[in-house]
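Peer 1: Model the structure of this input:
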Amino acid sequence: MAKALHVKLIYNHTAGNQSESPQQLVDILLAMQANDIHPEVFVIDPNMDVANVVRRAQADGTRLVVVAGGDGTVDSVAHNMVNSPLRLGIIPVGTRNNLALNLNIPSDILSAVKLLRRGHALRIDVGRARSGGVVRHFLELATIGLLSDLYEITDELQHGDITRVGEWLSTFMAAEPSQAQLILDRARKVGASGHMVLVANMPYIGPNIQIDPKVSYRDGKLDVFVFSDMSKFHFISFALRSLAGTVEKESIKHFQVKQLKLDSKPAMNIMTDGLELGSGPVKIEVLPKALTVMAGRRPHKKKKK
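Peer 2: Presented below is the predicted three-dimensional model:
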């Protein structure tokens, strides 16, 4: 019989549908009880500092920190676990749950809890961005430019606040392109005029859009997408084709790097996993296999006869 598994459980009661939170927490605890998982529970809100929970886990010998929440909550906890001996478990109860999609974690609570015991302990790459003396880690992507400007409003719209449609359109229409200078892996220089640069560590971003199937969180590289010489309406067309899986790769410059430096005029806003980092020069690099997560196994493809 397997030994009891002691974990820290960080539960964000504001993630997803808040009216379901009380029952959701009960379901998680019952599923853990059925799998002989013993949690120390921390109920948090988005503004709470989770670093203390991670430090407590390291101090008392807990090996697994489980996050029940959306992508933002998981990202905040993971930021404090980089290069630590702890493992990260995820129970996806947020709105988009991109991380669960990328890591093949089931969306139902019981299956996600079972995965904490029976899943695959996977070491994955983490991105690190530094700008103006501020350093942040990211699991999914860093955005520089228009997507950073629109992120908060778009997030509110996705949560049902349609009153911000006008603000979204105003921000979009007022956006002007910047001149961006990139230095890739300390050697290659790239100049571009455009609205946006994306640096992806995982293939699925935003509302579960697969930006490129070649993006991997296990290859020791980051994928840089430079949207140069594209009109704003071309961006809309790009987004729609992305949802349909028919993006024209020719219109986007794509590089795979271990490190990049970027400066832009006017300075573009920078975000990492939806959190503001600042604006101006930024250095971004990959930390290979710097975080251990409990992931699902992808189905094996049948061999062709």
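Peer 1: which SS class is Glu176?
Peer 2: Here Glu176 is recorded as coil under DSSP: H, G, I helix; E, B strand; the rest coil.
Peer 1: and what of Val54?
Peer 2: helix.
Peer 1: Let me know the secondary structure of Leu291.
Peer 2: strand.
Peer 1: What count of nearby residues applies to the nearest residue to it once chain neighbours are set aside?
Peer 2: Closest residue to Leu291 apart from its sequence neighbours, by C-beta to C-beta, 6 or more residues apart in numbering: Val126 at 5.1 Å. All C-beta atoms are positioned from the backbone trio N, CA, C, and that covers glycine. Val126: 22 surrounding residues under other C-beta atoms under 10 Å.
Peer 1: Just checking, which helix or strand of this protein averages the lowest pLDDT?
Peer 2: When the helices and strands of the chain are scored by mean pLDDT, DSSP states H and E, helix 232-243 comes last with a mean of 59.
Peer 1: Would you mind measuring from the residue nearest to Leu291 to Val66?
Peer 2: 19 Å (C-beta to C-beta, to the nearest Å).
Peer 1: cool, Gln23 as well?
Peer 2: Gln23 is 18 Å from Val66, by C-beta to C-beta.
Peer 1: Between these two, point out the one with more neighbours.
Peer 2: Using other C-beta under 10 Å as the criterion, Gln23 and Val66 rank with Val66 on top: 25 against 9.
Peer 1: average pLDDT for the strand or helix carrying the more buried one?
Peer 2: Taking DSSP states H and E as the criterion, Val66 maps to strand 64-69. Per-residue pLDDT values over strand 64-69 give a mean of 96.
Peer 1: Packing partners of it?
Peer 2: Other elements packing on strand 64-69 under the criterion 3 or more C-beta pairs under 8 Å, 6 or more residues apart in numbering; DSSP states H and E are strand 5-12, helix 21-34, helix 51-60, helix 71-79, strand 87-92.
Peer 1: As CSV, could you dump the C-alpha coordinates of that strand?
Peer 2: Presented in CSV, the C-alpha positions along strand 64-69 are these (Å, rounded to 0.1, in the frame of the first residue of the first chain):
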residue,chain,number,x,y,z
LEU,A,64,4.7,18.5,-3.3
VAL,A,65,2.9,21.9,-3.5
VAL,A,66,-0.5,21.6,-5.1
VAL,A,67,-2.2,24.7,-6.6
ALA,A,68,-5.9,24.7,-7.3
GLY,A,69,-6.6,27.8,-9.3
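Peer 1: Provide the strand pairings for that strand, with the direction of each partner.
Peer 2: strand 5-12 (parallel), strand 87-92 (parallel) (DSSP bridges).
Peer 1: pLDDT value on Gly133, please?
Peer 2: Reported pLDDT for Gly133: 89.
Peer 1: what's it sitting at in phi/psi?
Peer 2: Gly133 adopts backbone torsions of phi 80, psi 0, taken as degrees, to the nearest 10.
Peer 1: How many residues are close by Ala121?
Peer 2: 13.
Peer 1: Which SSE is immediately downstream of the helix or strand hosting it?
Peer 2: Using DSSP H and E, Ala121 sits in strand 120-131. Per DSSP H and E, strand 120-131 leads on to strand 134-138 as the next helix or strand towards the C-terminus.
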